[in-house]
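Undergrad: All I have is the shape, not the residue letters:
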């Protein structure tokens, strides 16, 4: 019985909205806010409101926050979600150049909006993992740890995670020696050692530490002449 209760509770937020007549309810989540390299990716998923009476499709039993699933499980659910005739989904990628220009928070919000914009029909309400997103153009409800509390958000997290992991595998082949296939761009000791040895590559986020610290140190170094005199105080 407890298992059944959990099953229904994870559709609780969707059911509450469906019962109020809000039939188009989407979940949205991102992957890749923390890494030192690579894009941020967002997924958006809209389940059919008919599941109010039938419940979650049995093929999706076991769906959870992508971080709680194995790679094999994520790939399985990704295939089910993206091929299901009743599920609408969107996936958006925001590249490192934009992350460095507008910051990672704004970039993740942009990715969410782009993923949601792909949904047809457009959602009437969105369940968002984490904190409120003021820039979101749809009415929304933020849910802390929402990817473990809402099946819609969990499905979105799977799409985002699988897509980003696949991109990082491709980058591992393009930029060998950094170990992107293993750590996916996160700041592991192996990754930091590779950066120290090789320097950053084109997909590293220059606005992130340790690159930001290096940039500040270089700027300070370049502001002094070889004798230690500040350049701005020298007479031309």
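TA: In hand now; what should we look at? Predicted, not measured: the structure shown is a model, and the values here were computed from it.
Undergrad: mind listing the strands for this structure?
TA: Using DSSP state E, the strands found in the chain span residues 25-31, 40-46, 88-94, 125-129, 140-143.
Undergrad: Distance to residue 64 for those - can I get that in JSON lines?
TA: Where you see a C-beta, it was placed from the backbone N, CA and C, and this is true even at glycine. Listed next are the strands of the chain as JSON lines, based on distance: least, Cβ to Cβ, whole Å:
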{"stretch": "strand 25-31", "distance to residue 64": "12"}
{"stretch": "strand 40-46", "distance to residue 64": "14"}
{"stretch": "strand 88-94", "distance to residue 64": "17"}
{"stretch": "strand 125-129", "distance to residue 64": "13"}
{"stretch": "strand 140-143", "distance to residue 64": "14"}
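Undergrad: can you tell me which of those comes nearest to residue 104?
TA: strand 40-46 (6.6 Å; Cβ to Cβ).
Undergrad: Between strand 25-31 and the closest one, find me the angle.
TA: Angle, strand 40-46 to strand 25-31, by axes from the mean of the first three to the mean of the last three Cα atoms, to 10 degrees: 160 degrees.
Undergrad: Show me what strand 40-46 pairs with in its sheet, parallel or antiparallel.
TA: Take DSSP bridges as the rule and strand 40-46 pairs in its sheet with strand 25-31 (antiparallel), strand 88-94 (antiparallel).
Undergrad: tell me the most buried of those strands?
TA: Burial of the strands paired with strand 40-46 is given as mean neighbour count (mean count of other Cβ atoms under 10 Å); strand 25-31 ranks first at a mean of 28.
Undergrad: which regions of the protein lie under the pLDDT threshold?
TA: Along the chain, the model assigns pLDDT under 70 to residues 1-8, 213-236.
Undergrad: max-length helix in it?
TA: The single longest helix within the chain, with elements called by DSSP state H, is helix 151-174.
Undergrad: one step back: so which of the strands of the chain comes closest to residue 166?
TA: Evaluated with Cβ to Cβ, the strands of the chain place strand 40-46 nearest to residue 166, the distance being 9.6 Å.
Undergrad: contacting residues around residue 84?
TA: Residue 84 sits next to 57, 59 when contact means Cβ atoms under 8 Å, 6 or more residues apart in numbering.
Undergrad: Kindly report the same for residue 149.
TA: Counting by Cβ under 8 Å, 6+ apart, residue 149 makes contact with 9, 10, 12, 13, 143.
Undergrad: Just give the number of residues close to the fourth one.
TA: Other residues lying near residue 13 total 21 when counted by other Cβ atoms under 10 Å.
Undergrad: for the strands of the chain, which one sits closest to residue 184?
TA: Closest approach to residue 184 among those (Cβ to Cβ): strand 25-31, 9.1 Å.
Undergrad: if I look at residue 140, how far off is residue 30?
TA: 14 Å (Cβ to Cβ, to the nearest Å).
Undergrad: before we move on, back to that, using neighbour counts, pick out the buried residues of the longest helix of the chain.
TA: Within helix 151-174, the residues scored as buried using 16 or more other Cβ atoms under 10 Å are 151-165, 167-168, 171-172.
Undergrad: Please find the angle between the direction vectors of that helix and strand 88-94.
TA: Going by the same axes, to 10 degrees, helix 151-174 makes 40 degrees with strand 88-94.
Undergrad: Fine, thanks again, bye for now.
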